[in-house]
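Undergrad: Fold the following and give me the result.
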Amino acid sequence: MKNIFWIVLILLVTACNQNKDLKSQGAKNETDTTAFNQILGIPAQQVPLLPEASEVTSGWLAFIIAQSEIQNFKDYTVNDVVSNARPIAEIFKNLKETLPDSLKANPVEARLSVLLTNAKILEQLSQQRDLQPKKIAATAEDLALEFNNLKIQINELFLKTLEEFELELDKYEAPIDSIELPQDRRTDAL
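TA: I've put the predicted structure just below:
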């Protein structure tokens with residue numbers, strides 16, 4: 001009888017511990033679902049392309065698709081990012097592979113490599129068994145930031161050189177001199 005009492009007591013304690021574990025798992029799952037339904041913190045401000053850069057990128061289909069995907073990030077939740085991680089990685093792989101010759105420069109190629117790396121990291125994070133929503137969200141936000149950095153690098157390819165600025169300033173100095181001439185004529189006439 002004494003043995004039966006101890007066996008029942010052990011079973012009772014074990015059952016209570018399992019019940020506590022189930023309650024803590026339920027609370028953890030509830031926290032996880034709110035983390036997965038949270039919208040990404042993508043800044044609304046986008047880097048605009050210079051007109052010359054827009055002209056080149058308007059014919060680059062992979063760039064247009066990538067830009068559209070990054071704009072969609074504003075409305076994405078972590079769940080959306082997880083479900084679209086593989087296509088996002090493919091988009092940025094295609095972006096790097098189809099770089100136009102007019103944009104081939106080390107800074108642009110480096111930014112494309114960073115974008116592809118971040119997209120691959122995002123894909124790996126989304127395929128893990130134990131998904132980490134904070135890491136996934138941070139990586140997706142970094143991807144959007146790096147895309148803006150790519151646009152900055154593309155813009156820098158089309159910036160004017162110092163000599164071009166000097167020529168432009170010389171063009172603006174000529175009208176200023178012509179405005180001063182009529183004033184000199186007034187003094188001569190007096």
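Undergrad: for Val96, what are its contacts?
TA: That one is not Val; residue 96 is Lys. The neighbours of Lys96, taking Cβ atoms under 8 Å, 6 or more residues apart in numbering as the test, are Glu109, Leu112, Ser113, Leu115, Leu116. Where you see a C-beta, it was placed from the backbone N, CA and C, and this is true even at glycine.
Undergrad: Name the helix or strand for the residue most central in space within the chain, please.
TA: In the chain, the C-alpha closest to the average C-alpha coordinate belongs to Ala144, at a distance of 0.8 Å (Cα atoms, centre = their mean). If you go by DSSP states H and E, Ala144 is part of helix 133-157.
Undergrad: from the chain's centre, how far out does that helix sit?
TA: Distance, stretch centre to chain centre, for helix 133-157: 3 Å (Cα atoms, centre = their mean, to the nearest Å).
Undergrad: ok, now stretch 81-100?
TA: The mean C-alpha position of stretch 81-100 is separated from the chain mean by 12 Å, Cα atoms, centre = their mean.
Undergrad: what's near enough to touch the residue nearest to the centre of the chain?
TA: Residues counted as contacts of Ala144 (Cβ under 8 Å, 6+ apart) are Leu40, Ile42, Pro43, Ile70, Phe73.
Undergrad: Count the neighbours of the last one for me.
TA: Going back to what we said before, that points to Phe73. A count of neighbours around Phe73, defined by other Cβ atoms under 10 Å, yields 20.
Undergrad: what's the closest non-adjacent residue to Ala44?
TA: Nearest residue to Ala44 in three dimensions, chain neighbours excluded: Lys74, at 7.0 Å (Cβ to Cβ, 6 or more residues apart in numbering).
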